[in-house]
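In: Predicted model and sequence follow; I will ask about them next.
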Amino acid sequence: MFEHTNQLNEGFNKKYGLNRLVYFETFQYINDAIKREKNMKKWKREWKINLIEEKNPRWSDLAKEWPNHELEL
């Protein structure tokens with residue numbers, strides 16, 4: 001989380017200036033997480049925004065309390 005928030009690595013976050021975590025999901029198996037991510041990439045932007053606002057309506061930065069964040073999304 002620290003590396004993403006502070007854009008220490010080359011990649012999506014640094015390229016687009018993203019520094020807030022507004023939504024996340026947890027998975028037991030990496031393959032399930034990859035499958036979910038690939039599926040969500042096909043979604044319309046509106047669907048993604050609705051998913052975020054359902055769980056985090058204020059778009060709070062969930063990384064501020066990382067790793068002690070207990071929010072289950």
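Out: On my side now, so go ahead. Numbering: from 1, shown residues only.

In: Please pull out the lowest mean pLDDT helix or strand from the chain.
Out: helix 2-5 (a mean of 76; mean pLDDT, DSSP states H and E).

In: which is the next helix or strand following that one?
Out: Downstream of helix 2-5, the first helix or strand assigned by DSSP states H and E is helix 12-16.

In: Buried ones in the very next helix or strand once past that following helix, by neighbour count?
Out: Following helix 12-16 in sequence order, the next helix or strand is helix 30-41 (DSSP H and E). Using 16 or more other CB atoms under 10 Å as the test for burial, helix 30-41 gives no buried residues. The C-beta positions use only the backbone N, C-alpha and C, and glycine is treated the same way.

In: what sits up against helix 30-41?
Out: With contacts defined as CB atoms under 8 Å, 6 or more residues apart in numbering, helix 30-41 is touched by 25, 27, 48.

In: And the closest residue to D61 other than its chain neighbours, how close does it get to K42?
Out: Leaving out its chain neighbours, the residue that sits closest to D61 by CB to CB, 6 or more residues apart in numbering is R20, at 4.3 Å. Per CB to CB, to the nearest Å, R20 is found 23 Å from K42.
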